[in-house]
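*Asks:* Fold the following, please.
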Amino acid sequence: GLMYLEDGELHLSCADFAEAYTGRHDWEDYSAEFTFTPLTGADHMVNVRVQGAIRSYAVGLLADGKIAILKNDNGYRVLTDAPFAWENGITVKAVGNTISAIADGAELLKITDEEHPYLQGSVGVSMLRGTHDKYRRIAVKGI
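*Replies:* You can find the predicted model right below:
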């Protein structure tokens, strides 16, 4: 992927796949608020419990007007999804083996991963298939 700063915002784009991470590998329970603008493409994701390029959870804004919680286990797969018209930011909570997606104060999705859950990791952003996003803010709070 291509990553750069412009007017105080982080831009990330890709032809096939891109990710960027920040934070510590040993963070446990936290919430992460992501404020960003999708510019092009269809697979806009924010990540929690990142343990490198092949292990994390993501909340994704997908091409078909859905929001999804995905698990990256050497490749992303959807754990749960729902229709969603995105307007602002997304907050993702990671508590134990439960991941939830919140927008405008309302919980949209929640999943408890019973199959080899990731219980620690940093935060990040990711995308697939020709996507370009700009990120204004990522705020992480311990729970």
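
*Asks:* Which residue comes closest to the spatially most central residue of the chain once chain neighbours are left out?
*Replies:* With distances taken as Cα atoms, centre = their mean, residue 46 lies nearest the centre of the chain, 1.6 Å away. Taking Cβ to Cβ, 6 or more residues apart in numbering, and ignoring the residues beside it in sequence, residue 46 has residue 34 as its nearest neighbour in space, at 4.3 Å. (C-beta placed from N, C-alpha, C; glycine too.)

*Asks:* Show the pLDDT at that neighbour.
*Replies:* The model reports residue 34 with a pLDDT of 97.

*Asks:* Need the three-state assignment for it.
*Replies:* When classified by DSSP: H, G, I helix; E, B strand; the rest coil, residue 34 comes out as strand.

*Asks:* Okay, now the unreliable bits of this protein?
*Replies:* Across the chain, nothing is flagged by pLDDT under 70.

*Asks:* circling back to that earlier point, just list the residues touching the residue nearest to the centre of the chain, thanks.
*Replies:* For residue 46, the contact set (Cβ atoms under 8 Å, 6 or more residues apart in numbering) comprises 32, 34, 36, 58-60, 90, 92, 123-126.

*Asks:* which residues does the residue nearest to residue 46 bridge with?
*Replies:* residue 90, residue 138 (DSSP bridges).

*Asks:* if I read this right, it contacts residue 90, doesn't it?
*Replies:* Yes: taking Cβ atoms under 8 Å as the definition, residue 34 is a contact partner of residue 90 at 5.3 Å.
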